[in-house]
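have a look; sequence and predicted model below, questions after that.
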Amino acid sequence: MEQSWPLFLKAMSDAPRKSFPFDEFEPRWQVEWEKTRAFRTPNPGDADFDASKPKYYVLDMFPYPSGNGLHVGHPEGYTATDIIGRYKRMNGFNVLHPMGWDAFGLPAEQYAIKTGQHPRTTTERNVANFTAQLKRLGFAYDWDREVNTTDPGYFKWTQWIFLKLYNSYVGDDGKAHPISELEAKGLSREEIDAKRLAYVSSAPVNWCPELGTVLANEEVVDGKSEVGGFPVERRPMRQWMLRITAYAQRLIDELDGLDWPESIKLLQRNWIGRSEGAHVTFKVGESDVTVFTTRPDTLFGATYMVLAPEHPLLAQITTADQLAAVEAYQKSVASKSDLERTELAKEKSGVFTGAYAINPVNEEKIPIWIADYVLMGYGTGAIMAVPAHDERDFEFAKKFELPIKQVVQPPEGKDWQGFTDDGVAVNSGFLDGLTTPEAKKKIAAWLEEKGLGRGTTNYKLRDWLFSRQRYWGEPFPIVWEDGNHRSIPESELPLLPPDLDDFKPTGTPEPPLSKATDWVNYSATAKRELNTMPQWAGSCWYYLRYCDAKNPNRFISEEAERYWMGGGKPGGVDLYVGGTEHAVLHLLYARFWHKVLFDLGYVSTPEPFQRLVNQGLILGEDGQKMSKSRGNVINPDDVVAEYGADALRLYEMFMGPLEQVKPWSMNGVEGVYRFLARVWRLVMEQNQEGEWSLSSVLADVPPDKKLNKALHETIKKCGEDIEKLSFNTAISQMMVCTNAFTAAEKKPIAAVCTFLRVLSPFAPHLAEELNDRLRAAYPQFAAKGSIAHEPWPQFDPEALIVDEVEVVIQVNGKLRDKLTVPAGIAKDEMEKLALASPRAQEFIAGLTVRKVIVVPGKLVNIVAN
RNA sequence: GCCGGCAUGGCGGAAUGGUAGACGCAACGGACUUAAAAUCCGUUGGGGAGCGAUCCCCGUGCGGGUUCGAGUCCCGCUGCCGGUACCA
């Protein structure tokens, strides 16, 4: 007997008995929901569409279906939106809550290169895996609206939108117009091509030899590719660009009407990087060089000029004796990768060109240098250097012993050398004595009058490099003939990529599509564009496609767009939840496309996303970022297997505020699991054999006053907290309520059923299962169909009213006594009781009462000294 | 450097300017059990006084301030986390 115990214990620990049979009923409900299409959302025009209901569009950032499957970060945002969506449905909204796949992208292609498997095969497999994982979590998605960016029925419209960009330009009104307007005006092909929103450029780009593609600036991190961390070098190549800079100002201004976190708005504003300044033109021999400066007031202090090493005028102005040095410098900069350039950036470098410019304000001859601290891509690629009042110029001037001339007087006690803030102009002729803002205004007017310059606004934002030398992306609906590009007819969309066996990069900038020799030839004389679109393309408009996912005739019907994206606010999507990693790129690109579609009349709102919420990162149990190398990764599948989907959902919401960074804790999962088990045992009891049946302490009785109050407080607080996305406090309130139920000897059935409805958005399987079991015995109380389609319960204000309240008595702000008084007690009555309190008396003895503050029903503070 | 965010028990966290620490975890004690698991009940910020019911003092990163009253508002720091980097 004694020897058999350890064996027995071992068996127990290997297969611990579940506290409630979630493993049995969770999959059953998932099948049931799928079978009955429980969360299908009818569209305007459908027979069962109810136009009288308000809409609520709640959106998750759709995932890239990676081979690793879901991580615990995914269900965090997804559960939050699921709760909101279910709650809104219970409150009478038509809820659009869809899911899809951002399935083009480099990892599948690299896997294809390694294994020879077609990216479509791996993508399909990964999507199937993700789908199964998501379905195991019980999300109320309308799977009929699933979209996949790699589906020809989807990317047909991605290509279509590209053609809209290609065939549009931004007019003087700052809005997109069809290019046909320019044709009507008789502009030449060159003039038109120079205005398109999608245009061809051969500016230097970020070329990544390892990946065999160019990358957008945003995809280069620390001079290395964001994907894979490979070196990136700059080289000029012919590329497709999108003219997002034409929308820079609107992308800043129209943030104002959005309910986004201020920090994200700021991030976007900084990324766009508006700065006010002036263009100033300097004479260089026979030519002109224009510089951009934000400090035109310091023009008198310009002691030299710096051009970017790529500046086109260099060939012309460099003197013979400096030519070798300049060319050597240009070469050294060009061959340097961005990484090397930034690594060496601590030390300024540059070369004198031998040329001089004339400072227009005082006719002074100043030397022209080239240096890589001046970037060709910003402003005019040329600066006037004012070393006295610019840190970078100051450093450069010190290193190369260039003159430093004070033109701004700082406030008392500050050194003028390297002073970059506002002050008073000195040594500046007609500007002397003016404050910096005044001087800026005056010099701008002066420059304009003399025709030497004018006030300008500049943006850091660059045009969006839109082409990639990849296979696994949308092909461009463009062909080339006689060196000119033109669009293919819309009727030829979708343009499918060719089938390739070999996905390897060519090792040259020639894209892999060049290997499809038949496909390449559009006609005897025209060849197809070989680049593909970046992964961002598909995610720029997917939220629109969800509204009308299967429409073969239009990217979204007007009716569906007006209903789901309407609502009288600037943004159409009511709530968008996702990670901060997309704070600039995805959100900026999507806003840009949306504005173009808005200008052209294809959508009815200027912004895509009205309310944005960023979920916080989930850290490992060690408080570190989850990573394979640290071995602290939590797999949601394991959690579901051990504790169930409801427990995972609930735990992710109970961890803390949605937007906060927070560490995982398996003990915490146990905690919410125990809570769910307590709810289960409110309704169910277990016999000796371990079989569950309806609890014998359930009774058709009204709840006592205390329990009823707890219940109605829970209805009220949970509703309010869901609206605020404060799920953690909503759950704690449900725990309080459950504890109140547990304390009751008889469990009142009606109250239990009401509680289950409140619980149902959080733990839908458990709520559904218990409701189902209750219905068999008590059909008059339980929901008739799915509990998900029940209305959210109304709380009874009467139930919240209490007869007596506890008030606090303070003396000089310190808690000294507590009294229980009738709820509606008058102020002066409270004051009298407080002053009469023996404990208060003790503390005010010998003091003079100066003042008594009474907060009705809450506290009395006696001020005495 | 610059820009954001955060800072409350042993831990995750809760607190319209009004009883700091709800709720959960962990820990401890008890009930049930031959024993254990599970479950249920109770205690649990620190220090001190008392046989005890109780009571006092201190306490929300640090230093000031506003207020009858500050975790919460204002000013000045410190630390950690995230983003960004020659943008003229």
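Everything's here; your move.

drop to CA atoms for contacts and neighbour counts, all remaining ones
Will do.

count of neighbours near residue A:260?
18 (other CA atoms under 10 Å).

ok, it to residue A:584 distance?
13 Å (CA to CA, to the nearest Å).

ok, now residue A:721?
Counting by CA to CA, the gap from residue A:721 to residue A:584 is 29 Å.

these two: which has the busier surroundings?
Between residue A:721 and residue A:584, counted using other CA under 10 Å, residue A:584 has the larger neighbour count: 19 against 16.

which residue is the nearest non-sequential neighbour of the more buried one?
Of all residues not flanking residue A:584 in the chain, residue A:268 sits nearest, at 5.6 Å (CA to CA, 6 or more residues apart in numbering).

buried residues of the regular element (helix or strand) spanning that neighbour, list them for me.
Assigning secondary structure by DSSP states H and E places residue A:268 in helix A:262-272. Buried positions in helix A:262-272, judged by neighbour count with 16 or more other CA atoms under 10 Å: A:264-265, A:268-269, A:271-272.

what about the following helix or strand past that helix, average pLDDT?
The first helix or strand that comes after helix A:262-272 along the chain, using DSSP H and E, is strand A:274-284. For strand A:274-284, the mean pLDDT works out to 93.

touching, residue A:529 and residue A:474? I think so.
No. Using CA atoms under 8 Å, residue A:529 is not in contact with residue A:474; the gap is 11.2 Å.

these two - which one has more neighbours?
residue A:474 (29 against 21).

got a list of what the more buried one touches?
A:150, A:155, A:158-159, A:496-497, A:532-534 (CA atoms under 8 Å, 6 or more residues apart in numbering).

got it, and residue A:614?
Residue A:614 touches A:577-580, A:658-659, counting by CA under 8 Å, 6+ apart.

tell me which two of the residues you listed sit farthest apart.
The largest separation in the contacts of residue A:614, counting by CA to CA, is between A:580 and A:658 at 12.4 Å.

ok, those two, which is more surrounded?
Using other CA under 10 Å as the criterion, residue A:580 and residue A:658 rank with residue A:658 on top: 23 against 14.

just give the nearest non-adjacent residue to that one, would you?
Nearest non-adjacent residue to residue A:658 (CA to CA, 6+ apart): residue A:615, at 5.3 Å.

for RNA strand B, see how far away that neighbour is.
11 Å (CA to the nearest atom of the strand, to the nearest Å).

check what pLDDT that residue gets.
On the pLDDT scale, residue A:615 gets 92.

and it, how many neighbours?
With other CA under 10 Å as criterion, residue A:615 counts 21.

give the contact list for it.
Contacts of residue A:615 (CA under 8 Å, 6+ apart): A:76-77, A:577-580, A:658-660.

could I have the PyMOL command that selects the buried members from those residues?
To isolate in PyMOL the members of the contacts of residue A:615 that are buried, counting by 16+ other CA under 10 Å, one can use:
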select buried, chain A and resi 76+77+577+578+579+658+659
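
quick check, nearest of the contacts of residue A:615 to residue A:327?
residue A:580 (43.2 Å).

skipping adjacent residues, who's closest to the closest one in space?
Using CA to CA, 6+ apart, the closest residue to residue A:580 is residue A:614 (5.7 Å).

who does the one you found bridge with?
Legend: beta-bridge partners of residue A:614 under DSSP bridges are residue A:578.

which one is the closest residue to RNA strand B within the stretch 401-550 of chain A nearest to, not counting chain neighbours?
In the stretch 401-550 of chain A, the residue that lies nearest RNA strand B is residue A:460 (4.0 Å; CA to the nearest atom of the strand). Distance criterion CA to CA, 6+ apart; nearest residue to residue A:460, sequence neighbours excluded, is residue A:273 at 4.7 Å.

the one you found: neighbour count?
The burial count for residue A:273: 15, using other CA under 10 Å.

correct me, but residue A:352 touches residue A:366?
No. Assessed by CA under 8 Å, residue A:352 is found out of contact with residue A:366, at 11.2 Å.

do you have the helices of the stretch 751-865 of chain A handy? List them.
Using DSSP state H, counting those that start in this stretch, the helices found in the stretch 751-865 of chain A span residues A:764-777, A:797-800, A:827-836, A:838-844.

if we can go back for a sec, show me what contacts the residue nearest to residue A:584?
Counting by CA under 8 Å, 6+ apart, residue A:268 has contacts A:252, A:583-584, A:588.

chain center to the helix holding residue A:268: distance?
11 Å (CA atoms, centre = their mean, to the nearest Å).

again, but for stretch A:361-378
Here the centre of stretch A:361-378 is set off from its chain's centre by 39 Å, with CA atoms, centre = their mean.

pLDDT on it, on average?
On average, stretch A:361-378 scores 91.

so which residues make contact with it?
A:299-300, A:302-311, A:326, A:333, A:345, A:348-359, A:381-383, A:459-460, A:462.

now do the end-to-end distance for it.
Stretch A:361-378 end-to-end distance (CA to CA) = 24 Å.

give the buried residues for it.
A:361, A:365-376.

one step back: quickly note the distance from the residue nearest to residue A:658 to residue A:465.
Look at residue A:615 and residue A:465: by CA to CA, they are 29 Å apart.

surely residue A:271 and residue A:585 touch.
No. Applying CA under 8 Å as the test, residue A:271 and residue A:585 come out as separate, 9.4 Å apart.

tell me the phi and psi of the residue of the stretch 51-200 of chain A found nearest RNA strand B?
Closest contact between the stretch 51-200 of chain A and RNA strand B, by CA to the nearest atom of the strand, is at residue A:76 (13.5 Å). Backbone torsions of residue A:76, given as degrees, to the nearest 10, read phi -60, psi -60.

ok, now which ones touch it?
A:615, A:649, A:652-653, A:658.

and for stretch A:130-138, what's in contact with it?
Stretch A:130-138 is contacted from outside by A:26-27, A:30, A:65, A:69-70, A:637, A:640, A:645-646, A:649, A:764-765, using CA under 8 Å, 6+ apart.

nearest to RNA strand B among those residues?
Nearest member of these to RNA strand B, counting by CA to the nearest atom of the strand, is residue A:649, at 13.7 Å.

just checking, the closest one is part of a helix?
Yes. Assessed with DSSP: H, G, I helix; E, B strand; the rest coil, residue A:649 lies in a helix.

can you give me the buried ones in stretch A:740-756?
Neighbour-count burial for stretch A:740-756 [16+ other CA under 10 Å]: A:740-742, A:746-756.

check stretch A:819-826 too.
For stretch A:819-826, by 16+ other CA under 10 Å, it's A:819, A:821, A:823.

pretty sure residue A:396 is touching residue A:348, no?
Yes. With contact defined as CA under 8 Å, residue A:396 counts as touching residue A:348 (5.9 Å).

who has more neighbours out of those two?
Ranked by neighbour count (other CA under 10 Å), residue A:396 and residue A:348 place residue A:396 first, with 20 against 17.

could you check how far that one is from RNA strand B?
8 Å.

and the average pLDDT for the helix or strand that contains that residue is what?
Here residue A:396 sits within helix A:391-400, counting by DSSP H and E. Computed over helix A:391-400, the mean pLDDT rounds to 92.

other residues contacting it?
Helix A:391-400 is contacted by residues A:348-349, A:385-388, A:403-404, A:418, A:420 when judged by CA under 8 Å, 6+ apart.

tell me how far it lies from the chain's centre.
For helix A:391-400, the distance to the chain centre is 39 Å (CA atoms, centre = their mean).

may I see the buried residues of that helix?
A:392-397.

ok so, going back, residue A:431: which of the helices of the stretch 751-865 of chain A is closest?
helix A:827-836 (66.8 Å).

contacts for that closest one?
Around helix A:827-836, the neighbours that count as contacts under CA under 8 Å, 6+ apart are A:809, A:840-841, A:852, A:854-856, A:860, A:862.

does RNA strand B sit close to it?
No. Using CA under 7 Å from any atom of the strand, helix A:827-836 stays clear of RNA strand B, with a minimum separation of 12.9 Å.

quick one: what helix or strand has residue A:28 in it?
Short version, using DSSP H and E: residue A:28 is in helix A:22-35.

ok, residue A:353 next?
strand A:351-358.
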